[in-house]
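Chemist: starting from these lines, generate the structure:
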Amino acid sequence: MSSESSVVGLFRPSLLLAPQLIQTVLAGKRPVIKRWQKRGNGMHEGAMQHLLDCGVDESGQQVRLTGMHSRQPADRESRGLVVLIHGWEGSHESAYLYSMAARVFEAGWNVFRLNLRDHAGTHGLNERMFHSARIDEVLNAVRAIQAIDGAEKLAVIGFSLGGNFALRVGLLGPAAGIVPQLSIGISPSIDPGATLLAIDNGPTVFKRYFLDKWRKTLDAKAEAWPGRYDFSELKRIDSFVGITRRFVVEHTEYDTLDDYLATYTLTPPMLMGAASPLAVLTAQDDTVIPIRDFDGLGARGSVIAYDAPRRGGHCGFIENLRLESWAERRVAELLEQL
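Modeler: Next up, the predicted model:
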């Protein structure tokens, strides 16, 4: 591997947890909500739901996104604001995101768990469909969140596709007046074309999982907008590349799949030359995000940390039988440096 990872080998999971499939499954299945509630750090109890004004989309329609905001208690000074972005078909309650948010909150940060368009049951909020090129509404959401929170210091953390969005906030935000002190991508999909192929050519269980997720969200969108959408032909396609290609042509403003993918493809030179500090955490055994996508990346330029341990799966990084997360510990270290 030609990439330069700063902490290869520091994440060493229990032997029982080492397999990639176990790591990936545990990322979304850990019983974290009850655990953090029992721990009593206050993030959940004090969370407030917000409906965010995020500008207009390509059709001129108002965009609204939702999320959960948790402030530090009045007797505790906040260190700043962290915005967290889930992965594709995740939500503010996804185990990996909820647990990271609780860990960051415990470290003294206000947190906002943002839901992307058509996620967390919000298919009826916006008529046009979610797609991964919708960075403008995410930037507008972060701007609105900053206005609600009022903190001067901002960090952004995202997982998988949300990791791509988080890194784009760090890349494109400064030109829009949004300047994170740090943007962190965890298992980020930086080459979406490679991710599509990896899903199609990888373990059947992952391909079936992602196709099933997509078909369910298509059904939810059609149900939310009766008579507006007919996905019957789209749902018959049995290839992730194929269904994405058809979706792009029929339901986005892009003419081809390549045009669409180019809008959110990130390269190591782009990341290292970003306008604000970035960090990347990924695993060499991730079958969804090929490690070769990061060839040439190092902790140089704007990338203050690039960590690629040999194990970890997709968004996993579960250390032990207590199901504790190395990624949470590592992110806490990076935020502490701020």
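Chemist: how close does the residue lying closest to Thr267 once chain neighbours are set aside get to Cys315?
Modeler: Leaving aside its sequence neighbours, Thr267 sits nearest to Ile190 (Cβ to Cβ, 6 or more residues apart in numbering; 7.3 Å). For the C-beta atoms, the positions are set from N, CA and C on the backbone; glycine is no exception. Separation of Ile190 from Cys315 (Cβ to Cβ, to the nearest Å): 14 Å.
Chemist: these two: which has the busier surroundings?
Modeler: Cys315 (34 against 25; other Cβ atoms under 10 Å).
Chemist: tell me the contacts of the residue nearest to the more buried one when sequence neighbours are not counted?
Modeler: Closest residue to Cys315 apart from its sequence neighbours, by Cβ to Cβ, 6+ apart: Ala27 at 4.1 Å. Taking Cβ atoms under 8 Å, 6 or more residues apart in numbering, we find Ala27 in contact with Ala95, Tyr96, Gly313, His314, Cys315, Gly316, Phe317, Ile318.
Chemist: for the closest residue to Ala283 other than its chain neighbours, helix, strand, or coil?
Modeler: Of all residues not flanking Ala283 in the chain, Gly312 sits nearest, at 3.0 Å (Cβ to Cβ, 6+ apart). On the three-state scheme (DSSP: H, G, I helix; E, B strand; the rest coil), Gly312 is labelled coil.
Chemist: would you say Val63 is within a strand?
Modeler: Yes. Counting by three-state DSSP, Val63 is part of a strand.
Chemist: quick check: phi and psi at the closest residue to it other than its chain neighbours.
Modeler: Spatially, and ignoring its direct neighbours in sequence, Val63 is nearest to Cys54 (4.1 Å; Cβ to Cβ, 6+ apart). The phi/psi pair for Cys54 (degrees, to the nearest 10) reads phi -120, psi 30.
Chemist: list the helices and strands the helix or strand encompassing Gly193 packs on?
Modeler: Using DSSP states H and E, Gly193 sits in helix 192-201. Where contact means 3 or more Cβ pairs under 8 Å, 6 or more residues apart in numbering; DSSP states H and E, helix 192-201 is packed against helix 204-224, helix 240-251, helix 257-262.
Chemist: how about 6 Å then?
Modeler: helix 240-251 (3 or more Cβ pairs under 6 Å, 6 or more residues apart in numbering; DSSP states H and E).
Chemist: quick one: low-confidence ranges for this structure?
Modeler: Where the chain drops to pLDDT under 70, the residues are 1-9.
Chemist: the same query, at a cut-off of 50, please.
Modeler: Counting by pLDDT under 50, the chain contains low-confidence residues at 1-3, 8-9.
Chemist: name the residue closest to the centre of it, please.
Modeler: Among the residues of the chain, the one closest to the centroid is Gly162, at 1.9 Å (Cα atoms, centre = their mean).
Chemist: you'd agree that one is in a helix?
Modeler: Yes. Checked against three-state DSSP, Gly162 lies within a helix.
Chemist: if I pick it, what's in contact with it?
Modeler: By Cβ atoms under 6 Å, 6 or more residues apart in numbering, the contact set of Gly162 is Ile85, His86, Gly87.
Chemist: number of residues surrounding the first one?
Modeler: Put plainly, it is Ile85. 31.
Chemist: list the beta-bridge partners for it.
Modeler: Beta bridges link Ile85 to Leu114, Gly158, judged by DSSP bridges.
Chemist: surely it meets Arg168?
Modeler: No. Contact criterion Cβ atoms under 6 Å: Ile85 and Arg168 do not qualify, at 10.1 Å.
Chemist: is it true that Leu51 lies in a strand?
Modeler: Yes. Membership of Leu51 in a strand is supported by three-state DSSP.
Chemist: what about it, neighbour count?
Modeler: Neighbours of Leu51 using other Cβ under 10 Å come to 12.
Chemist: so who does it touch?
Modeler: So Leu51 contacts Arg64, Thr66 (Cβ under 6 Å, 6+ apart).
Chemist: picking that back up, quick check: phi and psi on the residue nearest to Thr267?
Modeler: phi -90, psi -20.
Chemist: doesn't Ala133 belong to a strand?
Modeler: No. Remark: Ala133 does not belong to a strand; assigned using three-state DSSP, it is coil.
Chemist: excluding sequence neighbours, find me the nearest residue to it.
Modeler: Distances taken as Cβ to Cβ, 6+ apart place Thr263 nearest to Ala133, at 4.1 Å, with adjacent residues excluded.
Chemist: Ala107 now?
Modeler: Per Cβ to Cβ, 6+ apart, closest to Ala107 is Ala332, 5.4 Å.
Chemist: ok so the one you found is a strand residue?
Modeler: No. Looking at Ala332 with three-state DSSP, it is helix, so not inside a strand.
Chemist: on the three-state scheme, Gln37 is what?
Modeler: helix.
Chemist: count of residues packed around it?
Modeler: Applying other Cβ under 10 Å, we find 14 residues neighbouring Gln37.
Chemist: show me the contacts for it.
Modeler: Taking Cβ under 6 Å, 6+ apart, we find Gln37 in contact with His44.
Chemist: switch the cut-off to 10 Å
Modeler: Neighbour list for Gln37: Met43, His44, Glu45, Ala102 [criterion: Cβ atoms under 10 Å, 6 or more residues apart in numbering].
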